[in-house]
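Novice: predicted model and sequence follow; I will ask about them next.
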Amino acid sequence: TVERTAMYAFRQVQHFWGINAEFFADLLRWSSRLHEIGLAISHTQYHKHGAYLIKYSDLSGFSHQLQQAISIIIRSHRRKINADIFSSYSEEQAKNLIRLAILLRLSVTLNRGRSNTQPPPSFKINADSHALSIEFEPDWLKQNPLTRADLESEAEHLKAVGYALSIS
């Protein structure tokens, strides 16, 4: 599932990205569970619909600030990442939200067929912390060309927010 993949990736990169707090794990977990809520409205741009629903709904147990953060991660989980939506946050907060959005984006991409039959890849952060690599079992990417193409497309989207993605 998307949540399982996101949390697996989170555990591998949290130390390198400095997002060790349980708060960030919860934020990613909730975003993973809710990322498709916008499908209740329309498949077209469902990430925008989902972000709106989370931002403006009365969700018991969630503060307005928490809903706003989940909303932004959901809004950023597909297509182009609009850096402007992070502008109301401090630089450090925005960096952490972007990183959680990246993990959600990759998890959605890796679960594109809704079957979790692939062996889990390894997620690694390079020294500058703005470069992420995903390593798969040998020949897995050759056997899954659509996922490879989606990941290559993701690499282009991530460049727009200053992150590099390599897959092997």
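Specialist: Now that the structure is in, tell me what you want to look at.
Novice: let me know the helix or strand that the residue nearest to the spatial centre of the chain is in.
Specialist: Nearest residue to the geometric centre of the chain (C-alpha atoms, centre = their mean): L104, 1.9 Å. Here L104 sits within helix 91-110, counting by DSSP states H and E.
Novice: list the contacts of that helix.
Specialist: For helix 91-110, the surrounding residues in contact (C-beta atoms under 8 Å, 6 or more residues apart in numbering) are 2-3, 5-6, 9-10, 13, 17, 19, 24, 27-28, 31-32, 35, 69, 72-74, 76-78, 81, 86-87, 89, 118, 121, 123, 132, 134, 147, 150-151, 154, 157-158, 161, 163, 165. Heads up, the C-betas are built off the backbone N, CA and C, glycines and all.
Novice: list buried residues within these.
Specialist: Among those, those classed as buried by 16 or more other C-beta atoms under 10 Å are 2-3, 5-6, 9-10, 13, 17, 19, 24, 27-28, 31-32, 35, 69, 72-74, 76-78, 81, 86, 89, 118, 121, 123, 132, 134, 147, 150-151, 154, 157-158, 161, 163, 165.
Novice: what about the strands in the chain?
Specialist: Remark: strands assigned in the chain by DSSP state E are 122-125, 131-135, 164-167.
Novice: helices or strands next to the last one in the packing?
Specialist: Using 3 or more C-beta pairs under 8 Å, 6 or more residues apart in numbering; DSSP states H and E, the elements in contact with strand 164-167 are strand 131-135, helix 145-159.
Novice: wait, F123 touches Q12, no?
Specialist: Yes - the pair formed by F123 and Q12 meets the contact definition of C-beta atoms under 8 Å, at 4.3 Å.
Novice: if we can go back for a sec, of all the helices and strands packed on strand 164-167, which lies closest to G50?
Specialist: Closest to G50 of the helices and strands packed on strand 164-167, according to C-beta to C-beta: helix 145-159, at 17.7 Å.
Novice: can you give the distance of the closest one from its chain's centre?
Specialist: 13 Å (C-alpha atoms, centre = their mean, to the nearest Å).
Novice: what stretches of this structure score poorly on pLDDT?
Specialist: Filtered on pLDDT under 70, the chain yields the residue ranges 113-118.
Novice: Q12: neighbouring residues, count only.
Specialist: As a burial measure, Q12 scores 17 neighbours (other C-beta atoms under 10 Å).
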